[in-house]
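> what follows is a predicted protein model with its sequence.
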Amino acid sequence: MFWGLSSALDLYDEYLKAFKIKDEPVAGEVNAGGDDGLNTLNILICGGADPRHVIKTLAKRYSHGVQPKLNIYVLDGCAEIIARNMLLLGIALEDPESFSLVSKAHLFMDLYGNAVIRPSSHHYMAAKARTLLQMVTDEEKLQRLAPMLNIDGLKYKERDGLEMAFSFWQPQPWHVYEVTSYWEKRSRALLGTRYDHRDGAFDWDLSMTLKSRGGEQICSQEYRYWRESGVAFVFPEYEQCKPNKTLAAGLVRNGRAFLHRGYVGDIQTGPFCGFGLRSTEERMHHSVHGDNDYRATDVTERNLMEFFHELQTQTAYEHDPTRSRRYGSVHLLMTPLLNHQEVDADGQASYDRPWIPVAGVTVHYLSPTEMLQLQQGAPRWNSMFDIAYVAYNYFTFLSQAFFLALRSQALMVLETKLMTVERREQVQEYEAKAKEMMKQAGLKAAINYQAINGKNMLLKYKKTDKEEVEDAPEDEAEVE
């Protein structure tokens, strides 16, 4: 619910590869993108749960020879997730003078994947929430600080939800979020009588399920600690003691306080998939007898530093090998988590500088009700999108009418259940149903899945009127 279970994608690059479009400007021809003669690509992200695809697509934009205008439509299930996505995207595009590259990456990781966060992250969350609240209620301020954001697609109910979320994140004594208690209750309910032997259950899920499905980079000590405490990304120099209120959902006003549903997100896979499974440096994936040199945490740090550097400088990133610490086979001694709720808003900094500009890109936030409109084939969405990404938990919303929203040349990317801990038969059944639905909709596989006996994190299909030769298997398809 709060993070996706597939690796971040450069969606524009995926589009180019699917249709074998040359990424170089040609004199006398329009740029790649769209079938309307305009140099524009419309991208739909349904249930992405986090801004990982948006961040990578924007970060890699500088590397493309052809740069069409991008309209990215983000559709998530509730206002609290939209608010959290705005916060995380705001960190990625935060003014470089506010944080160093490393500090920005660690701040993002803390708020992204830790149920209990550092005091400095807590201060940023509260201060940035006040700025975001002003942005969603004042169009002039929104255009001054982040003109790339468009919230016209949100109804007043969702805007009220954003206001409640940003208000709840403030450090007031009546804004209580006992996340450590909620986490333990969820774990006890999930494991039942196995809770007293939970370490064995955690090791089974990782070693026998996730590692065999593409999660080899996840180390046992970081996974076990996350399953126990909700804290995924750990560095020895930090201590987490504040509740991460961005993980609250179902907020309802109750006087000056709020009612909420506690923690209702993922407690089995973890926030390691989005940025922590693969990197461009093979040395980060070196292991000996199953013990990794680097954790998924270290890979996440390296990838985020790459993306943030590219967003800031529009140049390629060269990673300093001494920056990443080899904690893959090290068991870090962790102190007991202390969940402090006291008010400490004094001296908070203000984060109201303009975001890093990204020319030619607009991020549109849509109302959750638009998913039903897409499912029913609402005419206003017909032939709208060049690229559509759909998360696995939104598969039930797909229908044949949904595919009317795709243009005549479009790419469809569907997340699978590969990185869940569900039984293999359920994962295969889901994938078979998804492939059959794509076939019935007239879409063709962007990769020849019949020739690949691999595990697919993503299914990529394309809509085209052209007759094409079946694509050869790709090396990357094994863990797509």
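Everything's here; your move.
> quick check: Leu277 vs Leu404, distance?
34 Å (Cβ to Cβ, to the nearest Å). C-beta: built from backbone N, CA, C; applies to glycine.
> more neighbours: these two, which one.
Leu277 (23 against 17; other Cβ atoms under 10 Å).
> I'd guessed the more buried one sits against Gly215; true?
Yes - contact criterion Cβ atoms under 8 Å: Leu277 and Gly215 qualify, at 6.6 Å.
> where's the spatially closest residue to Met109 that is not a sequence neighbour, which helix or strand?
Of all residues not flanking Met109 in the chain, Phe233 sits nearest, at 4.2 Å (Cβ to Cβ, 6 or more residues apart in numbering). Using DSSP states H and E, Phe233 is not contained in any helix or strand.
> if I pick Phe233, what's in contact with it?
By Cβ atoms under 8 Å, 6 or more residues apart in numbering, the contact set of Phe233 is 106, 109-110, 112-114, 222, 271, 297, 300-301.
> circling back to that earlier point, what do Leu277 and Gly215 both touch?
Residues touching both Leu277 and Gly215 (Cβ under 8 Å, 6+ apart): Ala296.
> beta partners of Ile43?
Counting by DSSP bridges, Ile43 is bridged to Ile72, Ile387.
> separation between it and Glu14?
10 Å.
> what about the residue nearest to Val361 when sequence neighbours are not counted, neighbour count?
Spatial nearest neighbour of Val361, excluding adjacent residues (Cβ to Cβ, 6+ apart): Leu70 at 4.7 Å. Around Leu70 there are 24 other residues, counting by other Cβ under 10 Å.
> swap in Pro321?
Counted with other Cβ under 10 Å, Pro321 comes out at 10.
> show me the helices in the stretch 201-350 of the chain, by range?
220-229, 273-276, 296-313 (DSSP state H, counting those that start in this stretch).
> after the last one, which helix or strand is next? Please name it.
Past helix 296-313, heading to the C-terminal end, the next element that is a helix or strand (DSSP H and E) is strand 361-366.
> circling back: Ile43 and Glu14: who's more crowded?
Neighbours per residue (other Cβ under 10 Å) separate Ile43 from Glu14, with Ile43 holding more: 24 against 19.
> thought the more buried one was touching Val74?
No - look at Ile43 against Val74 with Cβ under 8 Å: they stay out of range, at 9.2 Å.
> who's in contact with the residue nearest to the spatial centre of the chain?
Note on the chain: the residue nearest the mean C-alpha position is Asp50, at 3.1 Å, using Cα atoms, centre = their mean. Under the criterion of Cβ under 8 Å, 6+ apart, the neighbours of Asp50 are 2-4, 84-85, 88, 112, 274.
> okay, the residues you listed in TSV with neighbour count next?
Below are these laid out as TSV (neighbours: other Cβ atoms under 10 Å):
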residue	neighbour count
Phe2	21
Trp3	22
Gly4	27
Arg84	28
Asn85	23
Leu88	21
Tyr112	26
Gly274	25
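> mind listing what's buried in the lengthiest strand in the chain?
Taking DSSP state E as the criterion, the chain has its longest strand at strand 406-415. Neighbour-count burial for strand 406-415, counted by 16 or more other Cβ atoms under 10 Å, picks out 406-407, 409-415.
> need the next SSE after that strand, C-terminal direction.
Next along from strand 406-415, by DSSP H and E: helix 424-440.
> between strand 406-415 and that following helix, find me the angle.
Helix 424-440 and strand 406-415 are oriented at 170 degrees to each other (axes from the mean of the first three to the mean of the last three Cα atoms, to 10 degrees).
> next helix or strand past helix 424-440?
Trace forward from helix 424-440 with DSSP H and E and the next one is strand 444-445.
> which other helices and strands contact that next one?
Using 3 or more Cβ pairs under 8 Å, 6 or more residues apart in numbering; DSSP states H and E, the elements in contact with strand 444-445 are strand 458-463.
> give me the residues contacting the strand it packs on.
6, 9, 14, 18-19, 403, 406-416, 431, 434-435, 438, 441-447, 449, 480.
> list the strands paired with it, with their directions.
Counting by DSSP bridges, strand 458-463 is paired with strand 406-415 (antiparallel), strand 444-445 (antiparallel).
> if we can go back for a sec, against Leu70, how distant is the residue nearest to the centre of the chain?
The gap separating Asp50 from Leu70 is 18 Å, by Cβ to Cβ.
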